[in-house]
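Undergrad: no sequence on this one, just coordinates:
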Ligand code: S3P
């Protein structure tokens, strides 16, 4: 279940990067954001990595970054919304961390990310984005313990996760594919 590592997964706008630092503060752990680590390594923004290289290149860097975190503990990790697409990352979420899925409705995700130009995938039309949301949901649901975020404050969400962490995980992957 991972040594003192919590990973936050979920669709863009679910609050991973906002809840993560608060949770890390509550636990006295460090916070890392894989997008930020990739940007730091690449020396350029996520949007530019997509534009100048490719989404595949971004995914490769994201996977390498996440794998590197197995060397660290006492860590709350905010991940990019596409991280669960890669099998190696799914293994990380299953074996190397206790993983929480920050659930967000599609409408709320759109509201929270409105006007954002830093996320290349948001540039697509709403129906395509809705399809992406629908396609990813089962993946998130199968990998992370669910935490509702609609209508709740980041602090409330972080406290719920902390309380859950105090208990052993009794969560069972609804798809039965968690191991
Ligand atoms: C992505 C989500 C982004 C970032 C990149 C791709 C995705 O992270 O990794 O733009 O595929 O959903 P956030 O989920 O933090 O927005």
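TA: Sure, I can see it. Computed from a prediction, not measured in an experiment: that's the story for all the values here. Residues are numbered from 1 along each chain as shown.
Undergrad: contacts and neighbour counts: CA atoms only from here.
TA: Will do.
Undergrad: Could you list the low-confidence segments of the protein?
TA: 1-3, 174-179 (pLDDT under 70).
Undergrad: ok, 80 please
TA: Applying pLDDT under 80 to the chain flags the ranges 1-3, 168-179.
Undergrad: In it, spot the helix with the most residues.
TA: Taking DSSP state H as the criterion, the chain has its longest helix at helix 126-143.
Undergrad: need the helices for the protein, in chain order.
TA: 16-27, 34-42, 46-48, 55-68, 87-91, 106-113, 126-143, 154-165.
Undergrad: which of these is buried the deepest?
TA: helix 16-27 (a mean of 20; mean count of other CA atoms under 10 Å).
Undergrad: How far away from the center of its chain is that helix?
TA: Here helix 16-27 shows a centroid-to-chain-centroid distance of 12 Å under the convention CA atoms, centre = their mean, to the nearest Å.
Undergrad: now the angle from that helix to helix 154-165?
TA: 60 degrees (axes from the mean of the first three to the mean of the last three CA atoms, to 10 degrees).
Undergrad: which strands and helices sit next to helix 16-27?
TA: Judged by 3 or more CA pairs under 8 Å, 6 or more residues apart in numbering; DSSP states H and E, helix 16-27 is in contact with strand 5-9, strand 30-33, strand 75-78, helix 154-165.
Undergrad: repeat that for 7 Å
TA: Where contact means 3 or more CA pairs under 7 Å, 6 or more residues apart in numbering; DSSP states H and E, helix 16-27 is packed against strand 30-33, strand 75-78, helix 154-165.
Undergrad: Which among these is found nearest to the ligand?
TA: Checking these against the ligand by CA to the nearest ligand atom gives strand 75-78 as the closest, at 7.3 Å.
Undergrad: Give me every residue in this protein lying close to the ligand.
TA: Applying CA under 6 Å from any ligand atom, we find that the chain lies next to the ligand at 11-12, 35, 80-82, 119-120.
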